[in-house]
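>>> for reference, the sequence and a predicted model appear below.
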Amino acid sequence: TTRRCRHKFCFASPNTVDIETKDGPVPISRVRIGDSVRVAPNKYEPVYGFGHFDPTAHGGDFLRILATKNRQNPNDNNNHDDNNKNVVLELSSDHMVFVNEHRSVPASFLRVGDSIMMGDGGGHVAKIDAIHETFSPGAYAPFTPSGTIVVNGVLASTYVAFQGSPYLTIGGIETPITWQWLAHSFEAPHRMYCKMVWDECLHEQVDGISSWVATPLAFTEWILEQHWLISAFFCTLAVLVVGFFVLIEHGLFSSSSSSSCTYLTLVTVATLLVLVKKYRTTAVSKDKSS
């Protein structure tokens with residue numbers, strides 16, 4: 001049977017990635033857990049799982065991005081032979097890629113004329129010439145420890161944004177929380193499990209949506225459908241919970257736990273201030289109407 005990439009967080013089969021032990025680009029459909037893939041210039045990381053792995057899927061929401069590669073820094077003469085090279089990327093509309101200043105945005109957020117970052121170093125970007133909807137086979141969403149992956153030479157995220165925006169939005173107010181950070185934090189328990197029990201993850205069989213993703217996905221979709229006050233409550237709770245897991249992860253596997261704690265505190269305080277402002281504005285509007 002043929003299934004669609006219904007949840008909008010996948011790359012299509014025509015895409016390729018770089019595997020450390022292979023010569024030349026490899027179709028993303030051939031990537032397996034344990035493969036060391038390029039995630040940034042001169043950096044490779046192991047794939048520890050898949051959010052989605054379905055060779056039979058046929059995605060109606062794929063976007064085909066056509067771009068021309070050039071240099072972001074005109075004084076950088078590295079890889080100049082690759083300038084004006086055509087770049088093609090096929091991904092679902094909610095999957096994120098990186099634009100200038102390493103900011104992750106969903107594919108649906110991109111417009112003709114925007115520049116997306118390349119993963120080959122040398123300060124290269126690719127200017128978007130056209131964006132088309134397309135139907136392509138397969139649906140693949142590999143996870144890496146850093147939350148990034150280079151696909152068809154483009155620096156992409158391994159995650160999605162649910163609201164067509166780089167930032168979580170509650171009640172029409174854009175919070176300081178990026179979907180990249182939120183999704184990466186939700187994956188912290190999965191990453192920790194794989195670091196501690198690597199053999200279990202290495203032999204994980206994913207057919208469609210991963211069990212690690214299905215529950216957080218359904219929970220997030222439910223939250224976003226609620227009244228903004230309910231969404232605000234559960235989103236704040238979720239940020240605190242996943243932030244706690246991030247701190248545990250950094251405490252166990254990194255020496256930068258203090259900076260993570262500071263970031264989490266600032267994000268939580270800023271989010272609460274935004275929500276309090278929204279609540280006060282709503283209350284004042286109700287008083288005036290009554």
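Cool, got the structure. Residues are numbered from 1 along each chain as shown.
>>> export the helix or strand that contains residue 149 to PDB, keeping only CA atoms.
Residue 149 is part of strand 148-151 when elements are defined by DSSP states H and E. Output in PDB follows, covering the C-alpha atoms of strand 148-151 (Å, rounded to 0.1, in the frame of the first residue of the first chain):
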ATOM      1  CA  THR A 148      21.100  19.300  11.900                       C
ATOM      2  CA  ILE A 149      21.900  17.400   8.600                       C
ATOM      3  CA  VAL A 150      23.200  18.400   5.200                       C
ATOM      4  CA  VAL A 151      20.800  17.300   2.500                       C
END
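>>> which elements pack onto that strand?
strand 16-17, strand 36-40, strand 154-160 (3 or more Cβ pairs under 8 Å, 6 or more residues apart in numbering; DSSP states H and E). Quick note: C-beta positions are derived from backbone N, CA and C, even for glycine.
>>> any idea how far that strand is from the middle of the chain?
10 Å (Cα atoms, centre = their mean, to the nearest Å).
>>> what's the average pLDDT for it?
Mean pLDDT, strand 148-151: 96.
>>> what does it rub up against?
11, 15-18, 28, 37-40, 89, 91, 98, 119-120, 142, 155-158 (Cβ atoms under 8 Å, 6 or more residues apart in numbering).
>>> longest strand in the chain, please.
Secondary structure of the chain per DSSP state E: the longest strand is strand 49-71.
>>> thought residue 191 was touching residue 147?
No - in this structure, residue 191 is not within contact of residue 147 by Cβ atoms under 8 Å, at 9.4 Å.
>>> what residues does stretch 200-217 touch?
Contacts for stretch 200-217 (Cβ under 8 Å, 6+ apart): 3, 7, 33-34, 48-54, 57, 186-187, 190, 193-194.
>>> ok, and the closest non-adjacent residue to the residue nearest the centre of the chain?
Nearest to the geometric centre of the chain sits residue 159, at 2.3 Å (Cα atoms, centre = their mean). Computed as Cβ to Cβ, 6 or more residues apart in numbering, the closest residue to residue 159 that is not its neighbour in sequence is residue 183, at 3.5 Å.
>>> now the phi/psi pair for the one you found, please.
Note on residue 183: its backbone torsions stand at phi -70, psi -40 [degrees, to the nearest 10].
>>> which residues does it contact?
147, 157, 159-160.
>>> try residue 68
84-87, 126-127, 129 are the contacts of residue 68 under Cβ under 8 Å, 6+ apart.
>>> can you give me the strands for the stretch 151-290 of the chain?
154-160, 167-170, 173-178, 208-209 (DSSP state E, counting those that start in this stretch).
>>> which one of the ones you listed is the most hemmed in?
strand 154-160 (a mean of 25; mean count of other Cβ atoms under 10 Å).
>>> what about residue 241, neighbour count?
Per other Cβ atoms under 10 Å, the neighbour tally for residue 241 reads 12.
>>> re the thing from before, can you check which of the strands of the stretch 151-290 of the chain gets nearest to residue 106?
Proximity to residue 106 (Cβ to Cβ) singles out strand 154-160 among the strands of the stretch 151-290 of the chain, at 6.8 Å.
>>> just the CA atoms of the closest one, as CSV, please.
The C-alpha trace of strand 154-160 is given here as CSV (Å, rounded to 0.1, in the frame of the first residue of the first chain):
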residue,chain,number,x,y,z
VAL,A,154,21.9,22.4,2.1
LEU,A,155,22.1,22.8,5.9
ALA,A,156,18.8,21.6,7.1
SER,A,157,17.2,20.8,10.5
THR,A,158,16.1,17.3,11.4
TYR,A,159,12.9,18.8,12.9
VAL,A,160,9.7,20.6,11.9
